[in-house]
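Engineer: Okay, sequence plus prediction incoming.
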Number of protein chains: 2
Amino acid sequence: MENSLGRNLSAELLQKLAYQPYQTTDFGHPKIQRHAPMVTATTGNDKVVNSLKEVVQKTVRNGMTISFHHHFREGDFVFNKVMRIIIDAGYQDLTLAPSSLTNVMNDIVVEAIEKGVVTNITSSGMRGSLGDAISHGVLDNPVIFRSHGGRARAIEEGSLNIDVAFLGVPNADRLGNANGMNGKTAFGSLGYALIDAQYADKVVLITDNLQEYPNTPASIKQTQVDYVVPIEQVGDPDKIGSGATRFTKDPKELKIAKMVNQVIVNSPYFKEGFSFQTGSGGAALAVTRFLRESMLEKDIKASFALGGVTKPTVDLLEEGLIGRIMDVQDFDKGAAKSMHLNQNQQEIDASWYADPANKGAMVDQLDVAILSALEVDTDFNVNVMTGSDGVIRGAIGGHQDAATAKLTIICAPLVRGRIATIVPKVTTAVTPGASIDVIVTEIGIAINPKRTDLQQALAHVPGLVVYTIEQLQQKAEAIVGKAQPLQFKQRPVALVEYRDGTIIDEINEVQD
Amino acid sequence: MENSLGRNLSAELLQKLAYQPYQTTDFGHPKIQRHAPMVTATTGNDKVVNSLKEVVQKTVRNGMTISFHHHFREGDFVFNKVMRIIIDAGYQDLTLAPSSLTNVMNDIVVEAIEKGVVTNITSSGMRGSLGDAISHGVLDNPVIFRSHGGRARAIEEGSLNIDVAFLGVPNADRLGNANGMNGKTAFGSLGYALIDAQYADKVVLITDNLQEYPNTPASIKQTQVDYVVPIEQVGDPDKIGSGATRFTKDPKELKIAKMVNQVIVNSPYFKEGFSFQTGSGGAALAVTRFLRESMLEKDIKASFALGGVTKPTVDLLEEGLIGRIMDVQDFDKGAAKSMHLNQNQQEIDASWYADPANKGAMVDQLDVAILSALEVDTDFNVNVMTGSDGVIRGAIGGHQDAATAKLTIICAPLVRGRIATIVPKVTTAVTPGASIDVIVTEIGIAINPKRTDLQQALAHVPGLVVYTIEQLQQKAEAIVGKAQPLQFKQRPVALVEYRDGTIIDEINEVQD
C-alpha cells in the first residue's frame, strides 16, 4: 500500500492498528468527541506518599499505559527512578507513552523491552542505544511516533489513553499545585506535561521541593493530581537546559542564518504584527540575531514568537520587538527564568501549541517557522527521524506542526561530512513537502514550485541564489557521490503518524 | 418520601428525574467517568461573528441547554441581549443553565418561560419577579438549584451537559483568548465561566474590547472558543461590583462580627497557616477587620483566604497577613483590579473551588467559613433560598460547599423585623445542620451539640454568651411570636440539590 506521498506502508499493519494512510495536510473541520479521564474523588488530604515504590504499587497494573514528560531533558532523574521500580517489580506488557525520550532514558527502556515490561512505545522520538535497538527489531510491536501536536490530539480524542502519568516537577504542594518556574530544577513551561495532567486517569507528581499549601501560580492544579511524592532530587539543574546561549561562529551556519533572514525579510509575511518560531539550533539562534537587526531597521514588531523558547527570544520580548512569547517549553535557563516574571510570556499546553483537532492551535496562526532537517528530498519531504544508515536517531517534536506556518523554512547544510542532506528520496518521510516552502543551504535556496508568489518575491534578492530543489540535490550528489540505496528487512519497527493521526511513513528493521 | 433530614420529597418526581434523596455530607471516594465536550476542529481564523443574531443562528437549536455566567452581576448586558434574540427567533424548549441569575435577568426569563422558549432552569438561585413567578408555578418542570460546587460537579460528570455557553468577557482576541482582569468592564476572576468554557460543546465569547492577538494572560483559551462576537457594551461597569467597600456602622452587625471573631480566635483553628472564607455581607466585612487585629496581636498569618473576594481581603494579602487568595469571583472593584497585579491572588475555577467530585477542592482545605442565613433551625439546617412567605428569593452560591469547612459559622440576626431567623424548622433546607458548627446572633451564640470540642473551647470566652439553639429559637419567638405555618400546594416547583447531587429539599408552589 502507498500513501499520497508514495511511501510504502504495510496494509496488514495499518488495518490491524486501525490506521489510515496519510493523504493531505488539510485537517478540515471534523466533529470530535473528546476523551475524559476516570477520576477518583478525594478531599486531597492523603496525597503525599513517601516512596516511589509505594506509589507505583498504588497505581500501576500490568497492561497499563504510563507516561512521563521530557522537560528535564538530559538532566532527568525521574524517568529512571520510576522505571527501575517498575522493572524490578516485574510488571509486564506496559505501554510507554512519554512526550519524548531523551538520551538518559535509553538504556533502561531497552532493558524494560528485553524483560517484557514494556511491549509498546509511543514517543516524539528516540536516539542512541534505544533507537538502535528498535531499528534492530528488539520490540515486537511497532513504535508509534507522534509530533507534539499529534500526541495532544491522540490524548484528547482518546486514541492514546494514559492510565498513570508520572510527572516530575521543580515544586509542588501536598495537594499537587505545581509549576515549572520555581525551584532549583526549574525548567519554565510545563507545556507537554499539562496534557497528561489533564487527561490521565491517575496523576503522580514527583518533586524535590515540597512547598507550603497552596502553591501558586499553579500550572498543574490540585484537582488533577492523585499523589505527590517527595524525593531527594528530580533532576540535575546543569543538564536541564543549556546555560548561557552562545551564537554560532560556524561560518556555514552563519551563512545559512543570513540567508534565512533574507528569505523572511523579503517575503510578504515580514510586516508589523508578524509571528515566528525559530527553534534552538545554532543557525536558528543566529537567525534570531539577524532578524532583530532587520526588525529594528524596518521598524517592524512581531505579535508573537512561538515554540521552544530561548533567551535570545526573551531578549526580543524585553526589548519590545515581540508582543508575546507563547511558551510550550524553554530550551535554556534564561528562558525558563523569565517565565514567572513576565506575564507576556504565556505558558501554553501542547494542545494549544499544535493540536490540529482543537479549536485553533498557535501553529495555525504562525507566519514564519524555521526548522531543521536530517534529509530533504526533491518533493520537499523532510526526514528528522532516521539517519543515513536507516537507524532511528531523531524526533518529530513540533516539526510537522510548525510546518503548517505560512512560510516554512528548512535550514540545512547541503551535505554533512560524506552524506547528502538534499536527496532524491528521504529515508523516512516525517513532514510532507506540501507544508515546506523554502530550503536554505549554505550555497543557496530552493523554493517549493507551488509557491510562485515566493519564487517572485525572492527572485532578485541580493546574496540569495535561487536553485531548483533538483539542482540542490545534484550539487550535493556532485560533492558526496550517489548513495547506495539502503537495505531494510520487510518488517516495520515503527510507524510515523502525521499530526492528524494518519500514517505518513513506516520505518523498517535495518539489515545488519 | 423523606430524606435523612426529614424533608418531604416527591418520590414520583425523584424517580422521574433519577435523583436520590440526600443522606450525608460525606462524599466518599467514588470513581467518576468525566464528561467531555464534542468539539469542532478549526484553525480559528473565522471565529469573529459580527452579530449576536448570527451567532445564535449558528449555534442554538430547539431543546438545547444554554449557559451564561453571572460575573457581571447587576451590570450584565449580555444575558438580556442574547435572550432577546432567542425569544424573538421563537426557539422552544431550551434549558437555561447559568451559573446564577441576577436581578437584571428576571423579567426576560419570565417572558421566555411564558413563551415556551425556556422549559427548564438550573441555577444557583433567583430573586425578584422570577423567584415569584417560579414559586407561583409558572414553569412546568421544577427548577434545579445547585451550589457553585454542585454545578461544577454536574457539568464535569455530564449530568448537566451544556450545548452552547454565551460568555461575556471584558477582553478577548479574535481567537478567544480572554480574561476577566482587563478592560472597562473587568470583574476579576472568571471562576464560574471557566467550567463552561472547558465543557460546553460550543463556546461563544461576547466582548466590547477586542484585543490584538494573542491576548494574555488567557484564562479562557482559544482552544476552547468557537466564536467571538464584538458588541458595543457587555455591561455597566458601575453595577458590576460595589465600588469602595465601607464597613458597616450597624451596631447589630458590628456586635455579630465581634462575636464571630471571638469564636474564630478562641477555636483550635486560629493558628499559623489557618485559612478562611468570609464573604461579602456587612458583618462578614467587619469580621475581616476584627480578624486582622487579632492576627496582628497574636502574630498569626493565614495560608489562604478563599471565595468571593473583597478589597479588605486583598489588603490583608498585601499586608502579608495572608499568603494567598484563591479567587473564584471578586465582589468589588478593588479585588478585581488586584488580580492581574498579584500572582499570589490565584484565579481558580468553580471545580477547584468547590466540586466534591474532584481530586480535592479548596473548600476541603478550609478551616473557617463565615456564612449567612435567611433561617436556621434547631437542627442547625440553614435556609438561604426561600423567604418567610415561602417564595424563592435567594441563592445557594457556595453555601453548601464552604460549610464543609472545619469551623462553619453562620452569622445572622435573631430576628429580621417581625420575622424570626432562628426557627423550629427551616422553610427550605439548603445546607445540612451536620456541616454547621456555630450560630452567631447579636445576643449570643449556639454551638452544634456534636462539637463538644467547641463547646469546651468557647465556654468561658469573655463577651461570648453561649445558648443552646433551642434557647435562641425561643428568644426569637418571644420577640416576634409564633409564626403561622406556611401553606403550600402539593406541587414541587424546584428541587434543591445538595452539592453531591442528591436532593436535600423540594420547594412547593405557594398558596396565593
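Structural biologist: Okay, I see it. Because the structure is predicted, anything quoted here is derived from the model rather than measured.
Engineer: Low-confidence ranges, the stretch 51-200 of chain A, go.
Structural biologist: Of all residues in the stretch 51-200 of chain A, none has pLDDT under 70.
Engineer: just the helices in it please.
Structural biologist: Along the stretch 51-200 of chain A, counting by DSSP state H, counting those that start in this stretch, helices occupy A:52-59, A:78-88, A:106-114, A:128-135, A:148-157, A:191-199.
Engineer: residues near the residue in the stretch 301-450 of chain A that chain B sits nearest to, how many?
Structural biologist: Proximity of the stretch 301-450 of chain A to chain B (CB to the nearest CB) peaks at residue A:360, 2.3 Å away. For the C-beta atoms, the positions are set from N, CA and C on the backbone; glycine is no exception. Residue A:360: 26 surrounding residues under other CB atoms under 10 Å in any protein chain shown.
Engineer: isn't it right next to residue B:48, touching?
Structural biologist: No. The pair residue A:360 / residue B:48 is not scored as a contact, 11.9 Å apart, by CB atoms under 8 Å.
Engineer: The residue of the stretch 301-450 of chain A closest to chain B in helix, strand or coil?
Structural biologist: coil (DSSP: H, G, I helix; E, B strand; the rest coil).
Engineer: Contact residues of the stretch 101-250 of chain A facing chain B?
Structural biologist: Neighbours of chain B within the stretch 101-250 of chain A, by CB under 8 Å from any CB of the partner chain: A:175-176, A:203, A:212-214, A:216-218, A:221-226.
Engineer: what number of residues lie near the closest residue to chain B within the stretch 51-200 of chain A?
Structural biologist: The minimum distance from the stretch 51-200 of chain A to chain B, using CB to the nearest CB, falls at residue A:175 (5.0 Å). Residue A:175 is flanked by 28 other residues according to other CB under 10 Å.
Engineer: for residue A:35, same thing?
Structural biologist: Going by other CB under 10 Å, the residues that sit close to residue A:35 add up to 17.
Engineer: For chain B, see how far away it is.
Structural biologist: Distance of residue A:35 to chain B, computed by CB to the nearest CB, to the nearest Å: 6 Å.
Engineer: separation between that residue and residue A:345?
Structural biologist: In this view, residue A:35 and residue A:345 are 30 Å apart by CB to CB, to the nearest Å.
Engineer: which secondary structure elements does the host helix or strand of residue A:303 contact?
Structural biologist: Assigned by DSSP states H and E, residue A:303 falls within strand A:302-309. Where contact means 3 or more CB pairs under 8 Å, 6 or more residues apart in numbering or on different chains; DSSP states H and E, strand A:302-309 is packed against strand A:274-277, helix A:311-318, strand A:322-330.
Engineer: contacts for that strand?
Structural biologist: Residues outside strand A:302-309 that contact it (CB atoms under 8 Å, 6 or more residues apart in numbering or on different chains): A:188-189, A:273-280, A:295, A:313, A:316-317, A:321-331, A:335, A:345, A:353, A:362-363, A:365-366, A:397-398, A:402, B:212-214.
Engineer: ok so, going back, out of the helices and strands packed on strand A:302-309, deepest packed?
Structural biologist: Comparing the helices and strands packed on strand A:302-309 by mean neighbour count (mean count of other CB atoms under 10 Å in any protein chain shown), strand A:322-330 ranks first with a mean of 27.
Engineer: Any part of that one near chain B?
Structural biologist: Yes. Applying CB under 8 Å from any CB, one finds strand A:322-330 in contact with chain B at A:323-324, A:326.
Engineer: Near chain B, which residues of the stretch 351-500 of chain A? Just list them.
Structural biologist: By CB under 8 Å from any CB, the residues of the stretch 351-500 of chain A that approach chain B are A:351-352, A:355-362, A:364-365.
Engineer: what's the closest of these to residue B:249?
Structural biologist: residue A:352 (49.7 Å; CB to CB).
Engineer: Skipping adjacent residues, who's closest to the closest one in space?
Structural biologist: Leaving aside its chain neighbours, residue A:352 sits nearest to residue B:223 (5.0 Å; criterion: CB to CB, 6 or more residues apart in numbering or on different chains).
Engineer: Brilliant, that's me finished.
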